[in-house]
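In: For reference, the sequence and a predicted model appear below.
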Amino acid sequence: MALYYLDASALAKLYIREPGFETMRSLVDEGGSDSFIVQAISLAEIWSAVCRRAREGSISESGALLRTFAEDMRSFFIRQPIDDAVLNLACEIVERRPLKASDAIQLAGCLAIKAEAPIFTCADRRLLLAAQSEGLTAMDPTT
């Protein structure tokens with residue numbers, strides 16, 4: 001059984017057809033007893049990504065995608081809340097690494113459960129490098 005921590009950039013690839021979509025679908029569909037953790041902030045990040053792409057015209061089925069995503073957030077993913085420990089760790093991370101606040105929160109969330117040895121799954125090169133520098137096993141679904 002593997003434990004995957006899905007950053008929003010990887011999570012989006014489960015719903016939006018873009019490079020890495022097939023890899024993420026296979027990972028989840030063939031995961032069997034694997035578990036997938038997502039940060040609570042991912043709800044807003046994915047909602048934003050889908051709505052933005054719908055406004056730009058690159059996706060047309062945004063309503064169905066958002067309903068599927070909302071159901072998955074309720075019933076499939078393990079949702080990690082953002083608490084003071086995660087926020088404090090995110091502040092420490094941005095002192096060490098050149099990350100945006102939301103990326104630091106994602107990384108801090110994974111580090112907070114490091115004892116479980118999750119695989120940090122992300123499609124953002126800078127964030128992947130930061131995760132590896134923090135000692136995490138990292139996976140890029142686009143490669």
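Out: In hand now; what should we look at?
In: The closest residue to residue 82 other than its chain neighbours - how many residues pack around it?
Out: Take residue 82 and drop its neighbours on the chain: the residue closest to it by Cβ to Cβ, 6 or more residues apart in numbering is residue 40, 5.4 Å away. Backbone N, C-alpha and C define where each C-beta goes, glycine included. Residue 40 has 15 neighbours, counted by other Cβ atoms under 10 Å.
In: Just the buried positions in the helix or strand where residue 64 lies, please.
Out: When elements are assigned from DSSP states H and E, residue 64 belongs to helix 62-75. For helix 62-75, the neighbour count (16 or more other Cβ atoms under 10 Å) marks 62, 65-66, 69, 72-73 as buried.
In: List the contacts of the helix or strand that that helix is followed by.
Out: Tracing the chain C-terminally past helix 62-75 and defining elements by DSSP H and E, one meets strand 78-80 next. Outside strand 78-80, the residues that touch it by Cβ atoms under 8 Å, 6 or more residues apart in numbering are 35-40, 73, 86, 109, 112-113.
In: Can you tell me which of those residues has the most neighbours?
Out: Tallying neighbours with other Cβ under 10 Å puts residue 109 at the head of the contacts of strand 78-80, with 28 neighbours.
In: okay, now residue 29: neighbour count?
Out: By the measure other Cβ under 10 Å, the count of residues near residue 29 is 9.
In: That one and residue 139, how far apart?
Out: According to Cβ to Cβ, to the nearest Å, residue 29 stands 16 Å off from residue 139.
In: how deep is residue 140 tucked in, by neighbour count?
Out: In terms of burial, residue 140 registers 17 neighbours under the definition other Cβ under 10 Å.
In: can I assume it is in contact with residue 123?
Out: Yes - applying Cβ atoms under 8 Å as the test, residue 140 and residue 123 come out as touching, 5.9 Å apart.
In: And the helices in this structure, which stretches?
Out: Along the chain, the stretches classed as helices by DSSP state H are 8-11, 21-29, 42-56, 62-75, 84-96, 101-112, 125-133.
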